[in-house]
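> Structure for this input, please:
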Amino acid sequence: PGTGKSQFLRFAAALCPRSVLTTGVGTTSAGLTCAAVREGSGKEFTLEAGALVLADKGVCCIDEFGCIRQEDRTTIHEAMEQQTLSIAKAGIVCK
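Residues are numbered from 1 along each chain as shown. Below is the predicted model:
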């Protein structure tokens, strides 16, 4: 506590032209990767980009990373280790 980690992350996000700054408090795996959203009253879904997708080829700064739930933390391991995201939601499968 009190070492300026949050200020360092804000500075890193401001320095990079493509960056996303988010907090781990209340973060879900859908918010970090992508969410499947139903279009209107039909049966079709679209994918909405999360923080990791929006920061593609840039920097995604996650403050309070320790506050992310364990289930949600495991979903971003692929992104951190292999720099890819595999999505399988609402019948949509992509990599």
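
> Which residues does the helix ranked longest in the chain contact?
Across the chain, the longest stretch assigned as helix under DSSP state H is helix 5-15. Residues from elsewhere that reach helix 5-15 (Cβ atoms under 8 Å, 6 or more residues apart in numbering): 19-21, 59, 61, 63. Placement of C-beta: from N, CA and C, glycine included.

> Filter these down to the buried ones, PyMOL style.
In PyMOL syntax, the buried subset of the contacts of helix 5-15 is picked out as below (16 or more other Cβ atoms under 10 Å):
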select buried, resi 19+20+21+61+63
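
> between the contacts of helix 5-15, which is nearest Cys94?
Set against Cys94, the nearest of the contacts of helix 5-15 by Cβ to Cβ is Val20 (20.3 Å).

> hang on, that closest one in a strand?
Yes - counting by DSSP: H, G, I helix; E, B strand; the rest coil, Val20 is part of a strand.

> and it, what does it touch?
Counted by Cβ under 8 Å, 6+ apart, Val20 has contacts 13, 51-52, 54-55, 58-61.

> would a markdown table of these with distance to Leu85 be doable?
Formatted as a markdown table, these follow (distance: Cβ to Cβ, whole Å):
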| residue | distance to Leu85 |
| --- | --- |
| Ala13 | 20 |
| Ala51 | 11 |
| Leu52 | 6 |
| Leu54 | 12 |
| Ala55 | 11 |
| Gly58 | 14 |
| Val59 | 16 |
| Cys60 | 11 |
| Cys61 | 17 |
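
> Buried only: go through those residues for me.
Buried members of the contacts of Val20, scored by 16+ other Cβ under 10 Å, are 13, 51-52, 55, 60-61.

> and Arg38, what does it touch?
The neighbours of Arg38, taking Cβ under 8 Å, 6+ apart as the test, are 44-45, 90.

> repeat that for 10 Å
When contacts are counted by Cβ atoms under 10 Å, 6 or more residues apart in numbering, Arg38 touches 44-46, 90.

> Just the closest of these to Ile76, please.
Ala90 (19.8 Å).

> Would you confirm that that closest one contacts Glu44?
Yes - Ala90 lies in contact with Glu44 (Cβ atoms under 10 Å); the separation is 9.1 Å.
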